[in-house]
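A.B. asks: Provide a 3D model corresponding to the input given below.
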Amino acid sequence: MRAQAEILAKASEVPYRILFERVGGPRTWNAEQVSLRREHSLDALIREIENETALLQNLLYNVERPILFFERPIGIAMAAAPDEPWIRSIAGIVEMRCFHDRLHISRIRDWQRRKLGGE
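C.D. replies: Numbers count the residues shown, from 1 in each chain. Predicted structure coming up:
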């Protein structure tokens with residue numbers, strides 16, 4: 001999402017399309033990204049998330065306010081309608097990122113509880 005925000009900050013178009021196979025996520029794209037990171041340690045994955053968060057925060061501090069709210073296609077569409085990209089602003093991407101992080105953090109916590117036998 002940080003990369004999409006950077007592209008929007010430059011008033012450019014996102015040159016790729018991530019397809020959501022159904023409401024709830026881009027299953028194929030996510031599987032590819034997980035596969036690329038499968039051998040990484042949990043610490044390395046957390047560092048990657050923290051680094052991406054810091055880069056997004058730096059972008060937000062340096063973007064002029066009107067640009068934060070200017071809506072453009074963000075490179076995401078439903079698989080059933082791939083030629084109808086989602087329209088969001090950088091502020092909208094931040095909102096999506098918050099939802100995304102909360103969802104995955106709750107899944108990680110559930111996984112940790114199961115792993116530690118705390119179900």
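A.B. asks: ranges for the helices of the protein?
C.D. replies: With DSSP state H as the criterion, the chain has helices at 2-9, 27-37, 42-62, 65-68, 90-115.
A.B. asks: which one of these has the lowest average pLDDT?
C.D. replies: Among the helices of the chain, helix 27-37 carries the lowest mean pLDDT, a mean of 84.
A.B. asks: what packs against that helix?
C.D. replies: In this structure, helix 27-37 makes packing contacts with strand 18-20, judged by 3 or more CB pairs under 8 Å, 6 or more residues apart in numbering; DSSP states H and E. Quick note: C-beta positions are derived from backbone N, CA and C, even for glycine.
A.B. asks: may I see the buried residues of the strand it packs on?
C.D. replies: 18, 20 (16 or more other CB atoms under 10 Å).
A.B. asks: pLDDT of that strand, averaged?
C.D. replies: 85.
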